[in-house]
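> Sequence below, structure please.
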Amino acid sequence: MTFAAERLTDDVTATMRDIGRRARAAARVLALSPREAKDAALIAAARRLRETQAQVLAANAADVATAKAAGVAGSFIDRLTLTPARIEGVAQGLETVATLADPVGETIAAWTRPNGLAIERVRTPLGVIGVIYESRPNVTADAGALCLKAGNAAILRGGTDSFRSSSAIHAALAAGLAEAGLPEAAIQLVPTRDRAAVGEMLRGLDGNLDVIVPRGGKSLVARVQAEARVPTFSHLDGNCHVYVAAGADLAMARELVLNAKMRRTGVCGAAETLLVDRAVAATHLAPLVQDLLAAGCAVRGDAETRAVDQRVTAATEEDWATEFLDAIIAVKVVDGLDAALDHIATYGSHHTDAIVTGDEALAARFLAEVDSAIVLHNASTQFADGGEFGFGAEIGIATGRLHARGPVGVEQLTTFNYRVRGTGQIRPG
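Numbering: from 1, shown residues only. Next up, the predicted model:
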């Protein structure tokens with residue numbers, strides 16, 4: 001097996017436009033490809049990924065070594081690192097996407113007008129989707145698989161730090177496409193780390209790019225939103241909250257808070273702020289804070305939180321709005337549900353927020369009034385994941401309000417058209 005080598009070229013514009021043209025041609029083929037061919041490609045890619053695990057791990061080790069030498073944060077290293085278990089998870093994700101229903105051609109609604117016109121709303125592919133992402137090499141497989149299943153061609157621009165890892169994973173996807181008789185241009189990895197390639201994608205590749213999905217930090221998303229000349233699915237930061245409300249079971253709250261923050265601190269669904277209702281603060285605040293500290297999490301709190309343990313440092317205004325992506329959490333005591341809702345509305349990022357309570361009325365208000373893509377009752381924020389939603393994988397968590405919101409899976413990667421059948425009707429003047 002050979003991995004795609006970085007293409008060194010002075011003409012990034014020509015390279016990217018060629019990628020766009022080939023993607024558009026592939027998209028026309030995929031739009032008409034049967035489910036069997038797409039699923040066969042995904043299953044073959046999963047097998048190839050397992051067969052080449054040693055090469056993928058070697059490529060990843062080189063990326064990780066380079067990142068460590070550059071002195072990047074530990075949370076970044078965690079997002080970058082592949083292990084045999086994580087590679088197996090990626091392979092299983094490809095197979096799971098293959099088992100999903102094919103959304104292309106699904107009739108969403110159908111009705112007949114009084115004049116006899118039969119109208120159907122039918123799912124169709126978006127076309128060519130560009131995905132720009134940072135650090136996580138597994139996104140290469142997730143994004144490629146979901147785009148393929150939904151009948152779209154994909155142009156993937158991974159992070160410069162994960163270039164070798166993404167290239168190794170992409171090689172398995174290309175092999176799967178070839179084995180299934182589908183065009184390898186259906187899933188293309190941008191072959192250069194030159195940042196000019198991102199600019200070319202944002203300009204739309206001569207009209208060949210239909211949608212861009214940015215998945216990364218604030219600076220990446222801000223650039224995409226400012227410069228993109230094609231529609232985007234915004235994947236903003238995950239400043240996620242856990243609100244331990246009145247009526248919360250202490251044992252449940254301790255388990256959920258620790259999992260929400262510490263299971264994996266570098267994922268976008270990790271809790272970054274803990275809000276504790278004053279109604280339960282006397283019994284719940286100290287155990288929750290001490291659990292976090294014992295697990296190695298730095299706690300930054302308000303005055304009441306600092307009073308329960310001298311290891312808690314003072315939280316700043318900036319801390320309430322920060323996605324730490326690290327073993328750090330901000331903690332605050334709030335006066336009831338309205339105060340919690342105000343805090344989340346002020347500092348949150350509309351990503352994922354959770355309430356812990358046995359009071360169903362409180363929970364119902366929280367679920368209805370928190371304006372986030374995902375809201376949970378008595379469950380960890382770390383369930384903010386397309387795989388956990390049964391989508392097989394995700395391209396990202398969309399935090400906007402148009403077209404797609406929450407985990408972006410195969411259905412969110414389609415649009416629709418109206419198919420109208422008549423028997424010779426004309427519209428009267």
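> Next one: the nearest residue to His351 once chain neighbours are set aside from Gln310, what distance?
With sequence-adjacent residues excluded and distances taken as Cβ to Cβ, 6 or more residues apart in numbering, His351 is closest to Gly238, at 4.1 Å. All C-beta atoms are positioned from the backbone trio N, CA, C, and that covers glycine. Gly238 sits 30 Å away from Gln310, going by Cβ to Cβ, to the nearest Å.
> Who has more neighbours out of the two?
Applying other Cβ atoms under 10 Å to Gly238 and Gln310 shows that Gly238 carries more neighbours, namely 26 against 7.
> list the contacts for the more buried one?
267-270, 272, 323, 349, 351-352, 384, 397 (Cβ atoms under 8 Å, 6 or more residues apart in numbering).
> Asp210: which of those is nearest?
If you rank the contacts of Gly238 by distance to Asp210 using Cβ to Cβ, Ile397 comes first, at 20.6 Å.
> what pairs with that closest one across the strands?
Ile397 has these beta-bridge partners by DSSP bridges: Pro407.
> circling back: using CSV, lay out the contacts of Gly238 together with secondary structure, distance to Lys149 and neighbour count.
As requested, these are exported to CSV (DSSP: H, G, I helix; E, B strand; the rest coil; distance: Cβ to Cβ, whole Å; neighbours: other Cβ atoms under 10 Å):
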residue, secondary structure, distance to Lys149, neighbour count
Val267, coil, 23, 18
Cys268, coil, 22, 25
Gly269, coil, 23, 22
Ala270, coil, 28, 27
Glu272, strand, 32, 30
Glu323, coil, 30, 18
Ser349, coil, 28, 21
His351, coil, 25, 25
Thr352, strand, 24, 31
Ala384, coil, 21, 27
Ile397, strand, 19, 27
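> At which residues are the helices of the stretch 151-300 of the chain located?
Using DSSP state H, counting those that start in this stretch, the helices of the stretch 151-300 of the chain run over 163-179, 196-202, 218-227, 250-262, 278-294.
> which helices and strands does the first one pack with?
In terms of contacts (3 or more Cβ pairs under 8 Å, 6 or more residues apart in numbering; DSSP states H and E), helix 163-179 is packed against helix 35-51, helix 53-69, helix 138-149, strand 187-189.
> Give the buried residues for whichever helix or strand comes after the second one.
Of the helices and strands lying after helix 53-69 in sequence (DSSP states H and E), the nearest is helix 74-80. For helix 74-80, the neighbour count (16 or more other Cβ atoms under 10 Å) marks 75-80 as buried.
> one step back: of the helices and strands packed on helix 163-179, which is nearest Ala253?
Minimum separation from Ala253 across the helices and strands packed on helix 163-179 (Cβ to Cβ) falls at helix 138-149, 31.0 Å.
> What average pLDDT does that closest one get?
For helix 138-149, mean pLDDT is 95.
> What are the buried residues along it?
If you call a residue buried by 16+ other Cβ under 10 Å, then helix 138-149 has these buried ones: 138-149.
> Return the member of those residues nearest to Thr357.
Using Cβ to Cβ, Asp142 comes nearest to Thr357 of the buried residues of helix 138-149, at 33.3 Å.
> okay, now the domains of the protein?
Split into domains by automatic domain parsing, the chain comes to 12-235+395-420, 240-383.
> Double-check Ile344 against Phe366; I have them as touching.
No. At 9.1 Å, Ile344 does not count as touching Phe366 under the criterion of Cβ atoms under 8 Å.
> Mutual contacts of those two, please.
With Cβ under 8 Å, 6+ apart, Ile344 and Phe366 have common neighbours Tyr243.
> in the stretch 301-429 of the chain, which ranges drop under the pLDDT threshold?
Nowhere does the stretch 301-429 of the chain drop to pLDDT under 70.
> Which residue ranges of it form strands?
Here the stretch 301-429 of the chain has its strands, by DSSP state E, counting those that start in this stretch, at 313-314, 328-334, 352-356, 374-377, 397-398, 406-407, 414-421.
> I'd like those written out as CSV, with distance to Tyr133 added.
Listed next are those as CSV, based on distance: least, Cβ to Cβ, whole Å:
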stretch, distance to Tyr133
strand 313-314, 33
strand 328-334, 24
strand 352-356, 19
strand 374-377, 20
strand 397-398, 13
strand 406-407, 15
strand 414-421, 21
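> Which of these sits closest to Leu250?
strand 352-356 (9.7 Å).
> and that closest one, which strands flank it?
strand 240-244 (parallel), strand 374-377 (parallel).
> and the angle from it to helix 250-262?
Here the directions of strand 352-356 and helix 250-262 differ by 160 degrees (axes from the mean of the first three to the mean of the last three Cα atoms, to 10 degrees).
> Look up the pLDDT of His235 for me, please.
For His235, the pLDDT comes out at 68.
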